[in-house]
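> sequence plus the predicted model coming up.
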Amino acid sequence: MLEKLREELEDDDGLWKVFVSNFVAFLPNRIERLRVALTTGDLAGSLDAALSLKTSSQMVGAEGLAGRALDLEQAIRTDPEADPNHLLPWLAATHLKAIQRCSRQTTDQLEKYASDE
């Protein structure tokens with residue numbers, strides 16, 4: 001996916017590198033926004049943050065991270081009758097460490113890929 005993105009955005013200015021750099025730069029904010037929304041029981045904010053992480057990850061080819069965000073999104077939507085003040089902090093405890101670890105690995109891989117080119 002990243003190779004396809006590179007081919008689609010390749011130009012003299014290296015636009016694809018800017019795209020990847022922006023993704024990497026904003027990733028900690030996306031993760032933090034997700035953490036805060038989950039731990040405070042913000043249902044709408046949690047869904048929005050999970051969707052944002054999933055979509056941006058898919059766009060840059062970070063399929064592992066996108067998959068983890070999708071898993072979280074589905075878990076949030078599983079029980080619409082559940083109390084968000086209990087469900088979301090529990091989901092934070094079960095999903096955030098894996099998302100953060102995958103985020104670091106993704107950042108390392110993207111930075112390495114961009115620097116190799």
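Received, thanks.
> so what's T40 up against?
L88 (C-beta atoms under 8 Å, 6 or more residues apart in numbering). (C-beta placed from N, C-alpha, C; glycine too.)
> so what touches stretch 91-110?
Contacts of stretch 91-110 (C-beta under 8 Å, 6+ apart): 2, 20, 23-24, 27-28, 31, 34-35, 38-39, 46, 53, 57, 60, 62, 64-65, 68-69, 71-72, 75-76.
> just the buried residues of it, please?
91-92, 95-96, 99-100, 102-103, 106-107, 110 (16 or more other C-beta atoms under 10 Å).
> just put those residues in TSV and tack on pLDDT and secondary structure.
Formatted as TSV, the buried residues of stretch 91-110 follow (pLDDT from 0 to 100; DSSP: H, G, I helix; E, B strand; the rest coil):
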residue	pLDDT	secondary structure
L91	97	helix
A92	97	helix
H95	97	helix
L96	97	helix
I99	98	helix
Q100	98	helix
C102	97	helix
S103	97	helix
T106	94	helix
T107	95	helix
L110	89	helix
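> picking that back up, which of the contacts of stretch 91-110 fall within strands?
Within those, no residue falls in strands by DSSP state E.
> drop anything exposed from the residues you listed.
Buried by 16+ other C-beta under 10 Å: 2, 20, 23-24, 27, 31, 34-35, 38, 46, 53, 57, 60, 62, 65, 68-69, 71-72, 75-76, out of these.
> lowest-pLDDT helix or strand in the chain?
Least confident element among the helices and strands of the chain, by mean pLDDT, DSSP states H and E: helix 2-9 (a mean of 62).
> count of neighbours near V18?
Counted with other C-beta atoms under 10 Å, the neighbours of V18 add up to 12.
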